[in-house]
Every structure is written in structure tokens, then in C-alpha cells.
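> A predicted structure for the sequence below; I have some questions about it.
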Amino acid sequence: MTPAAQIADITDLIRTGPHGLKDWPADLRVIARRERAHPGAQLSLFEQHAGWRFHLFATNIPRSLPSGHANRVLNNLAYLDALDRSHARVEDRIRCAKSMGLTRLPSHGFDRNKAWMTASALAQTLLAWLAQLGLDGELAKAEPDTIRHRLLHVAAKLVRGARRRRLEIDQTWPWTTDLVRAIHRIQVLPAPG
């Protein structure tokens, strides 16, 4: 536990309370996490009053296993919390995939939809690599729609001159410097070898 967050197993409170859920599966556990809300977080009225943000999750990992190291790890509430929080990244990737076209299948036919899903996965992967290797600051953590609007919808043209090709970008675009910085970062990466 850190001073900013606390974790507690509240299974017994839920089972034995006045409206206890005694018919829940015996191995189901409910873990509660509370943390100070970050600025700009959308809070319920209860959370606004308390000043804490609450998150509950259920797990069927038992409280006790046969003796050994795994038992100590799985019983550690911080481990269970980290396991649950890591799943949020999976959900973020699914949400990003949906915004990259995964929800807009073009056909009733399997082959066309398979090609569409492959293209959608490729677009999501390329955007993730762009964010990882070329972007910094808030753009490195931005949603696909934000990156698309700020960097990919810029007016530009590819021109030739002096035996070289260069990209001329509209200088009035508000995010021109971010795009140029991303291009330079990618250009200086070592060649795979």
C-alpha cells in the first residue's frame, strides 16, 4: 500500500451485511481499492464528497492454496490489485481497436471482414509504434482519434527537388512542430539489422 491508495478485501462485509449476498460462489472474493482522485477525474457525488475514488473488482483466486511461494503471492492484495489494474491496458487496447475500425465490418462475407480486421489490427499496431517511438508528452498517451486529428490530417505534399524528396507541411497547422519532431525522431532510429 502507498499513502495515495489503500486496498482491502471486503468479501466478508458483503456476505454478512444486512443484505448479505450469501448465495455467491464460495471462492468469489471482492477487493476494494480507494485512491485520491486525480485532477479532472469524473467522480460520483459520493466520491466528490469523500475526496476518494473507489474501484471494486471480484476474483475467484482463493485465499489459501497449498503452502509455498505462490500462496504468499496470490494472497497479497497488492498483487491482486496490480493484476486487475494491468487488465485495464487490455481494455484500452480493445477500445482503441474499435476506434480504428474494428466495429465497422464492411460485409456479411467472412473473407472481406477478415481482411478488414487485419487492416484494422495493422493500423492499430502502426499507431501504437508511432506513439512509442515518435511521440512525446500528451501525444504519446493520446487516443487514436486525437493522433489522427492532430498529425495525420495535416495538409502536406511530397515534392522533389535537387535530387531529393521532401515533405512540405502546412506551416499554419497548429501541430506542425509535433509532427516534424515525430518525423525526426523516427528518422534517427537505427536501421533494424
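Everything's here; your move.
> List the buried residues in stretch 117-135.
120, 123-124, 127, 130-131, 134-135 (16 or more other Cβ atoms under 10 Å). Glycine gets a C-beta too; all of them are placed from N, C-alpha and C.
> Need those in a markdown table (columns: secondary structure).
A markdown table is the format used below for the buried residues of stretch 117-135 (DSSP: H, G, I helix; E, B strand; the rest coil):
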| residue | secondary structure |
| --- | --- |
| 120 | helix |
| 123 | helix |
| 124 | helix |
| 127 | helix |
| 130 | helix |
| 131 | helix |
| 134 | helix |
| 135 | coil |
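> Next, format these as TSV and append distance to residue 187 and pLDDT.
Output for the buried residues of stretch 117-135, formatted as TSV (distance: Cβ to Cβ, whole Å; pLDDT from 0 to 100):
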residue	distance to residue 187	pLDDT
120	27	91
123	21	90
124	23	89
127	18	90
130	13	92
131	17	91
134	9	93
135	14	94
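> ok, of those, which one's closest to residue 169?
If you rank the buried residues of stretch 117-135 by distance to residue 169 using Cβ to Cβ, residue 134 comes first, at 14.8 Å.
> Might you report the residue contacts of that closest one?
Shown in contact with residue 134 (Cβ atoms under 8 Å, 6 or more residues apart in numbering): 182-183, 185-186.
> now for the helix or strand harbouring residue 56, which elements pack on it?
According to DSSP states H and E, residue 56 maps onto strand 52-59. Strand 52-59 is packed against strand 29-36, helix 77-97, with contacts defined by 3 or more Cβ pairs under 8 Å, 6 or more residues apart in numbering; DSSP states H and E.
> Go again with 7 Å.
strand 29-36 (3 or more Cβ pairs under 7 Å, 6 or more residues apart in numbering; DSSP states H and E).
> Mind listing what's buried along the helix or strand following the strand it packs on?
Note on strand 29-36: by DSSP H and E, the next helix or strand toward the C-terminus is helix 45-50. By neighbour count on 16+ other Cβ under 10 Å, the buried set for helix 45-50 is empty.
> Show residues contacting helix 45-50.
By Cβ atoms under 7 Å, 6 or more residues apart in numbering, the residues outside helix 45-50 that reach it are 37, 53-54.
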